[in-house]
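> Here is the input, now give the coordinates:
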Amino acid sequence: MDPSVARTIARESHGANRDRFGEPVFDHVERVAAAVPPEACTIAFLHDVIERSHMSVDDLRREGLTPTEVAAAQLLALAADESFELHVLSIKHAAGAAGRLARCVKLADLDDHLAQGRASAGAPTYAWARRHVAIGRERYDGVMVFLPPAAIVAPAA
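Residues are numbered from 1 along each chain as shown. Next up, the predicted model:
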């Protein structure tokens with residue numbers, strides 16, 4: 001799918017939705033898309049659409065998402081019955097082109113969350129997640145990712 005189509009879908013799907021800090025969700029989506037290479041922009045724009053909007057995987061297929069993009073979007077969508085930790089580990093170890101794409105986008109997503117510099121009660125363990133996704137990028141994709149000291153700590157129990 002062309003990234004401009006994905007951007008339009010994301011803007012329409014997220015509408016006026018706000019994150020836990022009251023910021024527009026679409027602002028986060030645009031920052032993530034700006035942080036990835038061109039081949040990952042489509043999925044970066046759509047990375048929260050399945051999880052946080054009315055759009056389904058079938059809707060995205062009808063809009064022109066390729067099979068690899070569909071698989072990456074599904075990897076990035078946290079299922080209602082899935083823990084954040086299991087979700088991150090499934091992205092870390094996902095095979096093939098969809099796994100590479102999902103890891104690239106998830107790393108940018110986590111970096112944006114961490115850059116906001118604020119955590120609310122019950123927020124996911126972004127630093128722990130970033131460390132695992134970065135290890136997956138290195139192990140499976142051959143991409144070296146800088147691990148800042150904050151990403152090396154273990155999650156709180």
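> Contacts only, for the residue most central in space within the chain.
Centrality entry for the chain: nearest residue to the mean C-alpha point is Lys106, 3.6 Å, by Cα atoms, centre = their mean. Contact analysis of Lys106 by Cβ atoms under 8 Å, 6 or more residues apart in numbering lists 47, 76, 88, 91, 129, 133. For glycine as for every other residue, the C-beta is placed from the backbone atoms N, C-alpha and C.
> now those residues as JSON lines including pLDDT and distance to Leu60?
Shown next, in JSON lines, are the contacts of Lys106 (pLDDT from 0 to 100; distance: Cβ to Cβ, whole Å):
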{"residue": "His47", "pLDDT": "96", "distance to Leu60": "12"}
{"residue": "Leu76", "pLDDT": "97", "distance to Leu60": "12"}
{"residue": "Val88", "pLDDT": "98", "distance to Leu60": "22"}
{"residue": "Ile91", "pLDDT": "98", "distance to Leu60": "18"}
{"residue": "Ala129", "pLDDT": "95", "distance to Leu60": "24"}
{"residue": "Val133", "pLDDT": "97", "distance to Leu60": "22"}
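> May I ask which of those residues has the most neighbours?
His47 (28 neighbours; other Cβ atoms under 10 Å).
> How about that residue, nearest residue that isn't a chain neighbour?
In space, and not counting its chain neighbours, His47 is closest to Leu76: 4.8 Å by Cβ to Cβ, 6 or more residues apart in numbering.
> what distance separates the helix or strand hosting Val32 from the centre of its chain?
Using DSSP states H and E, Val32 maps to helix 25-34. For helix 25-34, the gap between its own C-alpha mean and the chain's C-alpha mean amounts to 10 Å (Cα atoms, centre = their mean, to the nearest Å).
> Show me what counts as buried in the helix or strand that it is followed by.
Downstream of helix 25-34, the first helix or strand assigned by DSSP H and E is helix 41-46. Neighbour counts over helix 41-46 (16 or more other Cβ atoms under 10 Å) mark 41-46 as buried.
> Now tell me what touches the worst-scoring helix or strand of the chain on mean pLDDT from outside.
Ranked by mean pLDDT, DSSP states H and E, the weakest helix or strand in the chain is helix 49-52, scoring a mean of 92. With contact meaning Cβ under 8 Å, 6+ apart, helix 49-52 is reached by 9-10, 13-14, 17, 25, 55-57, 60, 73-74, 76-78.
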